[in-house]
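# Mind folding the following:
(one chain, ligands or ions: 2)
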Amino acid sequence: MGAKKFYIETLGCAMNVRDSEHMVAELTQKEGYEPTDTLEEADLILINTCSVREKPVHKLFSEIGVFNKRKKEGAKIGVCGCTASHLGEEIIRRAPFVDFVLGARNVSKITQVLHKPKAVEVDIDYDESQYAFGEFRASPYKAYVNISIGCDKQCTFCIVPHTRGEEISIPAELIVREAKRAAESGAKEIFLLGQNVNNYGRRFSGEHPKTTFTDLLKMVSEIEAVERIRFTSPHPLHMDDAFLEEFARNPKICKSMHMPLQSGSTRILKAMKRGYTKEWFLERAAKLREMVPGVSISTDIIVAFPGETEEDFEDTMDVLEKVRFEQLFSFKYSPRPLTPAQHYENRVPDDIGSARLKRLQERHGEILDELKAKRVGEVHRVYFEELRPGGMVAGRTDNNMLVSVEGSEELLGRTLSVEITEAGRTAHRGRVVA
Ligand code: SAH
Ligand code: F3S
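Ligands and ions are numbered 1, 2, ... in the order given. Here you go, the predicted model:
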């Protein structure tokens, strides 16, 4: 008989991707499992869920129903991640064939729940900030490294603080050690992860010298084998001058910044408890553009938050016009359990929300068309990390544009100068010039 096999599906954000890598490491190194892409041959089926918006939660139950029909006799099903955290036992009540439920802050218990029938481990006070997970990375070229768990902000729309608990920073020496090991084994790009990265150092679980996110960036950049540093997600409120200066000055820090706006209206930002104003956001974005020529700025925007008027929405459109984000992730407000905003009055009717979302996205599409017209002929350093069908290889520029060129394996893991020959809205084609 061969080794036991597991199948894993990962939804949601980069932190979930990293949590899945941690689970893979634990299962393969401590439990003797091997991965499979074929559900029917798996002995263990895991789904790592997201609960930030309502739709994926609905989909979860239909999806695990399908898993249950297709799985081989005796295979176990585990529901992990943020939806596991906030629904807990209810998952087993609604889907009794589920074998265990493992919350987003209890990833290190994967080897325990496997052996406990109907286990539900969803403690959001659990501290795994110093747990030594086994090593596994989906990509040999890029390493995700967690720098904190949980989130201390209480944005009124957001369920994350209720699924991942309060924020605890991971000790800097553990982060540096992990980054060094990854970079020395070939992952020259380090991607630092947390829900609110630039709040790093606010709380550690033990004694720890004062360390800010800016300090941490310096420490990681001093590792010789590290060539590129990216991070997500920073919070606009914590973009102080020291942080922007380090971002601008440090050649290893990639020049793409995520600045999640959420709304352009100061009144709505207040109701969301974001802690900044429209003017603060615009000033920080302008300063960033001025300090870092060629920087790309991405953002998250929620439309139709309760009480959002036409005028509030115009403020969001105004920020879009002024900042001209290179990338936009936009959502219609979705009321979430455990959050204050679910009880707010003046819900915006769904058709108005849809119309606003459409207008925002259409205008952003036009901005991208305007930006793309200027891209052809530009030369960028591209770090190649992925083979694509049709003899293509893809990588990212320093400012996070996706570029593919003709080529094969020998380009992987290399950083080369590429001239953009055809520009698209989200991805470009190019040719290697050096
Ligand atoms: N700190 C994380 C936030 C995770 S949630 C980060 O900045 O990436 C990711 C995005 O989902 C948020 O920035 C927000 O734009 C969106 N979002 C969160 N809760 C939402 C809700 N209730 N309805 C719609 N969008 C939401
Ligand atoms: Fe959510 Fe706000 Fe934290 S969006 S993850 S509560 S910074």
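
# what does stretch 180-194 rub up against?
Stretch 180-194 is contacted from outside by 14-15, 18, 135, 137, 139-149, 167, 175, 179, 200, 216-217, 220, 223, 225-233, 254, 383, 385, 413, 415, using C-beta atoms under 8 Å, 6 or more residues apart in numbering. Where C-beta positions appear, they are placed from N, C-alpha and C, glycine not excepted.

# Can you sort out which of those residues also neighbour ligand 1?
Contacts with ligand 1 within these, as defined by C-beta under 6 Å from any ligand atom: residue 233.

# Among the contacts of stretch 180-194, which are located in strands?
142-146, 148-149, 228-232, 383, 385, 415 (DSSP state E).

# Which two of those have the greatest separation?
Taking C-beta to C-beta, the two most distant members of those are 149 and 415; they sit 31.4 Å apart.

# who's more crowded, these two?
Neighbour count, other C-beta atoms under 10 Å: between residue 149 and residue 415, residue 149 has more, with 26 against 16.

# doesn't residue 128 make contact with the more buried one?
Yes. The pair residue 149 / residue 128 is scored as a contact, 6.7 Å apart, by C-beta atoms under 8 Å.

# Need the overlap of contacts for the two.
residue 105.

# In contact with residue 66: list those residues for me.
With contact set as C-beta under 8 Å, 6+ apart, residue 66 has no partners.

# before we move on, the earlier item: buried only: go through the contacts of stretch 180-194 for me.
Applying 16 or more other C-beta atoms under 10 Å to these, the neighbour count classes 14-15, 18, 137, 139, 141-149, 167, 175, 179, 200, 216-217, 220, 223, 226-233, 254, 383, 385, 413, 415 as buried.

# Could you pick out the residues of the chain near ligand 1 for me?
The chain comes close to ligand 1 at residues 13, 52-53, 157-158, 160, 195-196, 233, 260, 262, 300, 302, 331, 333-334, 336, as judged by C-beta under 6 Å from any ligand atom.

# Report the buried residues of the helix or strand of the chain with the lowest mean pLDDT.
Taking mean pLDDT, DSSP states H and E as the measure, the helix or strand of the chain with the lowest value is helix 54-70, at a mean of 91. With burial defined by 16+ other C-beta under 10 Å, the residues of helix 54-70 counted as buried are 56, 57, 60, 64, 67.

# same thing with stretch 277-293?
By 16+ other C-beta under 10 Å, the buried positions in stretch 277-293 come out as 278, 280, 281, 282, 284, 285, 288, 292.

# for stretch 79-98, same thing?
Within stretch 79-98, the residues that count as buried by 16+ other C-beta under 10 Å are 79-88, 91-92, 95, 98.

# which residues does the residue lying closest to residue 55 once chain neighbours are set aside contact?
Once flanking residues are discounted, residue 55 sits nearest to residue 334: 7.4 Å by C-beta to C-beta, 6 or more residues apart in numbering. Neighbouring residues of residue 334 by C-beta under 8 Å, 6+ apart: 52, 53, 54, 55.

# Let's see that with 10 Å instead.
Residue 334 makes contact with 52-57, 157, 159, 302, 304, 341-342, 353 under the criterion C-beta atoms under 10 Å, 6 or more residues apart in numbering.

# low pLDDT regions in the stretch 251-400 of the chain?
Filtered on pLDDT under 70, the stretch 251-400 of the chain yields no residues whatsoever.

# Would you agree residue 423 is in contact with residue 372?
Yes. Using C-beta atoms under 10 Å, residue 423 is in contact with residue 372, at 4.1 Å.

# Mind putting the buried residues of stretch 79-98 into JSON lines with pLDDT and secondary structure?
Shown next, in JSON lines, are those (pLDDT from 0 to 100; DSSP: H, G, I helix; E, B strand; the rest coil):
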{"residue": "79", "pLDDT": "98", "secondary structure": "strand"}
{"residue": "80", "pLDDT": "98", "secondary structure": "strand"}
{"residue": "81", "pLDDT": "97", "secondary structure": "strand"}
{"residue": "82", "pLDDT": "96", "secondary structure": "helix"}
{"residue": "83", "pLDDT": "96", "secondary structure": "helix"}
{"residue": "84", "pLDDT": "97", "secondary structure": "helix"}
{"residue": "85", "pLDDT": "96", "secondary structure": "helix"}
{"residue": "86", "pLDDT": "93", "secondary structure": "helix"}
{"residue": "87", "pLDDT": "95", "secondary structure": "helix"}
{"residue": "88", "pLDDT": "96", "secondary structure": "coil"}
{"residue": "91", "pLDDT": "97", "secondary structure": "helix"}
{"residue": "92", "pLDDT": "97", "secondary structure": "helix"}
{"residue": "95", "pLDDT": "96", "secondary structure": "coil"}
{"residue": "98", "pLDDT": "98", "secondary structure": "coil"}
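
# out of those, who's near ligand 2?
Near ligand 2, judged by C-beta under 6 Å from any ligand atom, there are no entries from the buried residues of stretch 79-98.

# which one of those sits closest to ligand 1?
Distance to ligand 1 across those (C-beta to the nearest ligand atom) is lowest for residue 82, with 9.6 Å.

# Thought residue 10 was touching the closest one, still the case?
No. Under the criterion of C-beta under 10 Å, residue 82 is not in contact with residue 10, lying 11.7 Å apart.

# Touching both of those two, which residues are there?
16, 19, 48, 49, 50.

# can you list those residues in a markdown table and add pLDDT?
Converted to a markdown table, the shared contacts of residue 82 and residue 10 look like this (pLDDT from 0 to 100):
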| residue | pLDDT |
| --- | --- |
| 16 | 97 |
| 19 | 97 |
| 48 | 97 |
| 49 | 96 |
| 50 | 94 |
